[in-house]
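>>> predicted model and sequence below, questions to follow.
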Amino acid sequence: MATVFETVYNWEPYLKFGTRQFIKKKTEIYSQGSIGDGFYYLHKGLVRIVTSTAKGKERILNIVVPGQLLGVQSMDNRAHFTTAITVKDSVLYYFPCDPFKDLIKEHPALRNVFTQTVIHKMKILLDGINLNSLSSEQQIAVLLLNICDDFKNYEVPLSQQDLANCTGLTRITVYKILKDWKDHKIIQVQNRSFVINRPDLLRALVKESVNNT
């Protein structure tokens, strides 16, 4: 289900310990298969998390919005199983693994912030993994709610093709669903973005999947 990113996961006091990086849009932050030595905190901007299928096709797993982490698997010295690409000009803070472990010892409260942020991220990724068990409408609703809950203003900066890539649905199916939602004033469709007018109706649609299981 869509999860709300609680404001208690406040990274602001700890950003001074990271390295601030400005990355232009459409830039690869890290690539699938590479070994990282640190993770990132997204302060401003938007980042796509994608993976390559066995057939070489790109599939979107998640959209990272400000306040979220990316690349956390590098904490265990494991290869990245995804690729991170900026959607727009972004500001990130980079935290190398070893110095961050020392930082946690000096600031015990940071451990809880880090842990809760990762748990939240895993819930969103789990939603993405479980999308195949939902109807086409529910799949799109889950994705939009996960993003707009974090983005706060209920504007989701994705295109119809992005939604099709993320869900594995055809663009025609996505178009028909969005058109129906637009006709019922649930959403507004703008150029490469959606404005959620009635998130309550989308939540009710997703809740049906729980009641029917």
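Cool, the structure landed.
>>> distance from the strand or helix carrying residue 144 to the middle of the chain?
Residue 144 belongs to helix 136-151 when assigned by DSSP states H and E. Once both centres are worked out by Cα atoms, centre = their mean, to the nearest Å, helix 136-151 turns out to sit 10 Å from its chain's centre.
>>> quick one: list the elements packing against the next helix or strand along the chain from that helix.
Of the helices and strands lying after helix 136-151 in sequence (DSSP H and E), the nearest is strand 155-156. Counting contacts by 3 or more Cβ pairs under 8 Å, 6 or more residues apart in numbering; DSSP states H and E, strand 155-156 is packed against helix 136-151, strand 193-196. In short, each C-beta sits where N, CA and C put it, glycine included.
>>> looking at those, which one has the lowest mean pLDDT?
Mean pLDDT is lowest for helix 136-151 among the helices and strands packed on strand 155-156, at a mean of 78.
>>> any stretches of this structure with poor pLDDT?
1-9, 53-57, 120-133, 149-153, 166, 209-213 (pLDDT under 70).
>>> residue farthest from the centroid of it?
Ranked by distance from the centre of the chain (Cα atoms, centre = their mean), the top residue is residue 106, with 29.5 Å.
>>> gap between it and residue 99?
Distance, residue 106 to residue 99, using Cβ to Cβ, to the nearest Å: 10 Å.
>>> same question, residue 199
Distance from residue 199 to residue 99, by Cβ to Cβ: 40 Å.
>>> give me the more crowded residue out of these two.
residue 199 (17 against 12; other Cβ atoms under 10 Å).
>>> how much space separates the more buried one from residue 82?
27 Å.
>>> before we move on, what about residue 200?
32 Å.
>>> of those two, give the one with the bigger neighbour count.
Looking at residue 200 and residue 82 with other Cβ under 10 Å, you find the greater number of neighbours at residue 82, namely 22 against 10.
>>> residue contacts, that one?
32, 49, 50, 51, 61 (Cβ atoms under 8 Å, 6 or more residues apart in numbering).
>>> checking my notes, the first one in a helix, right?
Right, the one you point to is residue 32. No - assignment of residue 32 by DSSP: H, G, I helix; E, B strand; the rest coil gives coil, placing it outside any helix.
>>> which residue, other than its chain neighbours, is closest to it?
Counting by Cβ to Cβ, 6 or more residues apart in numbering, the nearest residue to residue 32 once its immediate chain neighbours are dropped is residue 83, at 4.6 Å.
>>> so in terms of bridging, what pairs with the one you found?
residue 50 (DSSP bridges).
>>> quick one: residues contacting it.
28, 30, 31, 32, 49, 50, 51, 52.
>>> by neighbours, which of these wins?
residue 49 (23 neighbours).
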